[in-house]
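Asker: I would like the atomic coordinates for the input below:
(chains A and B)
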Amino acid sequence: GENVEQHPSTLSVQEGDSAVIKCTYSDSASNYFPWYKQELGKGPQLIIDIRSNVGEKKDQRIAVTLNKTAKHFSLHITETQPEDSAVYFCAASETSYDKVIFGPGTSLSVIP
Amino acid sequence: DTGVSQNPRHKITKRGQNVTFRCDPISEHNRLYWYRQTLGQGPEFLTYFQNEAQLEKSRLLSDRFSAERPKGSFSTLEIQRTEQGDSAMYLCASSLLGQPNEQYFGPGTRLTVT
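Answerer: Have a look, this model is predicted:
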């Protein structure tokens, strides 16, 4: 079955700096890669996703890249703000309506 | 309210008791998913429904767990004879087949088994 790994497990950045989270997956059948943000006491919230026919996608301060050959994908957050502090999960699935396999999470702290 | 709702938000029970959680998906979403999340980990898939049909169950879903979605709307997840290892956050998500069809998560039910 699919296995998703994520690094780093914790990340601390100064406000305004960039944050990068990297993930790898094992199942070549995976074609959909969502990223979720989870704040304390809440469920995960989808912030951006990328499909296997796209190498890069950007939405304001957030960008994701995908290398299907290497089975790597990454999340980049630019101009970080304190409200970006949360746990971020990368995930993979065959399609966007199949079960999602999550990575272990990255706890991001943005220091004002 | 247009989001996924879950009840109760918190449940404390004694080992050996049965518990039932409810999930109300976003209106007209035909897929509904249950996940379990333990502290410091990512959510783990348990099962999912398309309308009232249960299409897949994880190996994590032991025979003490049962999920239903009788009318293709809300869903219940029951755990019988709870064990301390069942303590976790139980998350529900829903999606609509078609575009866009990403999964939207509810706030979860936190279960503590004492």
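Asker: drop to CA atoms for contacts and neighbour counts, all remaining ones
Answerer: Will do.
Asker: Give me the buried positions along stretch A:50-69.
Answerer: Going by neighbour count (16 or more other C-alpha atoms under 10 Å in any protein chain shown), the buried part of stretch A:50-69 is A:50-52, A:56, A:62-66, A:68.
Asker: Around chain B, which positions in chain A sit nearby?
Answerer: A:41-46, A:89, A:96-97, A:99-105 (C-alpha under 8 Å from any C-alpha of the partner chain).
Asker: Can you measure across stretch A:95-106, start residue to end residue?
Answerer: 23 Å (C-alpha to C-alpha, to the nearest Å).
Asker: just to revisit the earlier point, CSV for the buried residues of stretch A:50-69, including pLDDT and secondary structure?
Answerer: Shown next, in CSV, are those (pLDDT from 0 to 100; DSSP: H, G, I helix; E, B strand; the rest coil):
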residue, pLDDT, secondary structure
A:I50, 92, strand
A:R51, 89, strand
A:S52, 85, coil
A:E56, 94, strand
A:I62, 97, strand
A:A63, 97, strand
A:V64, 97, strand
A:T65, 96, strand
A:L66, 96, strand
A:K68, 93, coil
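Asker: Show the residue spans covered by the strands in chain A.
Answerer: All strands of chain A, identified by DSSP state E, fall at A:4-7, A:10-14, A:19-25, A:32-38, A:45-51, A:56-59, A:62-67, A:72-77, A:86-92, A:101-102, A:106-111.
Asker: For B:I26, which three-state class applies?
Answerer: coil (DSSP: H, G, I helix; E, B strand; the rest coil).
Asker: Can you read off the pLDDT for it?
Answerer: pLDDT recorded at B:I26 is 93.
Asker: how far away is it from B:L32?
Answerer: Using C-alpha to C-alpha, B:I26 is found at 9 Å from B:L32.
Asker: and those two? which has more neighbours close in?
Answerer: A side-by-side neighbour count of B:I26 and B:L32, using other C-alpha atoms under 10 Å in any protein chain shown, places B:L32 first with 31 against 23.
Asker: Who does the residue nearest to the more buried one when sequence neighbours are not counted form a beta bridge with?
Answerer: With sequence-adjacent residues excluded and distances taken as C-alpha to C-alpha, 6 or more residues apart in numbering or on different chains, B:L32 is closest to B:S94, at 4.4 Å. Note on B:S94: beta-bridge partners by DSSP bridges are B:L32, B:Y104.
Asker: before we move on, what about A:K22?
Answerer: A:H7, A:S74.
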